[in-house]
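1. sequence unknown, structure follows:
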């Protein structure tokens, strides 16, 4: 909920439409890779050839396969492109949270805020780079409530618009 000044309600920056927190969600692409030598490199080359800037990558592997979670610069075209290159892809909405630069342990503050609201944190991994500085990818059991809470606690959520880069 925004702050009320006189009769006018001022909403947090990422909720100016008042429609909710959809704009704060970022599409994460999870690519299934066979656990074979060179498959990750093939994926990274395909991303580069498809003009995708890679902001984050997390790999969860087992004996036979790996799940590679990606945050990319052009999510509107990413899924179709990766499928056209022969990769199996799924899409999940996550939150990308800018880490406050002057806090000694911002990840601890983020976890404390989520715990206080009993929001389960399923996983997190770092954003390698963003135009806004350091950040983390966060997947919770309630991204709308988590977004509202984190904004209220002073965190800035990174949107797809912040990350969008159309490369030539």
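-> Done, it's in. What you see is a predicted model, and the numbers here were worked out from it, not measured in a lab. Numbering: from 1, shown residues only.

2. what about the strands in this protein?
-> 3-5, 8-10, 25-34, 54-61, 65-72, 88-98, 121-127, 135-140, 156-158 (DSSP state E).

3. can you list the weak-confidence ranges in this structure?
-> Residue ranges of the chain with pLDDT under 70: 1-23, 166-168.

4. For the strands of the chain, give me CSV that also has distance to residue 147 and mean neighbour count.
-> The way it works is simple: take the backbone N, C-alpha and C, and place the C-beta from them, glycine included. Shown next, in CSV, are the strands of the chain (distance: least, Cβ to Cβ, whole Å; neighbours: other Cβ atoms under 10 Å):
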stretch, distance to residue 147, mean neighbour count
strand 3-5, 17, 9
strand 8-10, 17, 10
strand 25-34, 7, 18
strand 54-61, 18, 17
strand 65-72, 16, 20
strand 88-98, 6, 18
strand 121-127, 13, 15
strand 135-140, 9, 22
strand 156-158, 6, 23
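
5. Can I get those in CSV including distance to residue 44?
-> Output for the strands of the chain, formatted as CSV (distance: least, Cβ to Cβ, whole Å):
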stretch, distance to residue 44
strand 3-5, 44
strand 8-10, 43
strand 25-34, 11
strand 54-61, 7
strand 65-72, 9
strand 88-98, 15
strand 121-127, 16
strand 135-140, 18
strand 156-158, 22
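
6. do you know which of those strands lies nearest residue 41?
-> Nearest to residue 41 among these is strand 25-34 (10.5 Å), distances taken as Cβ to Cβ.

7. Touching the closest one from outside, list them.
-> 39-40, 43, 64-72, 75, 78-79, 82, 87-96, 137, 139, 143, 147, 158-160, 163 (Cβ atoms under 8 Å, 6 or more residues apart in numbering).
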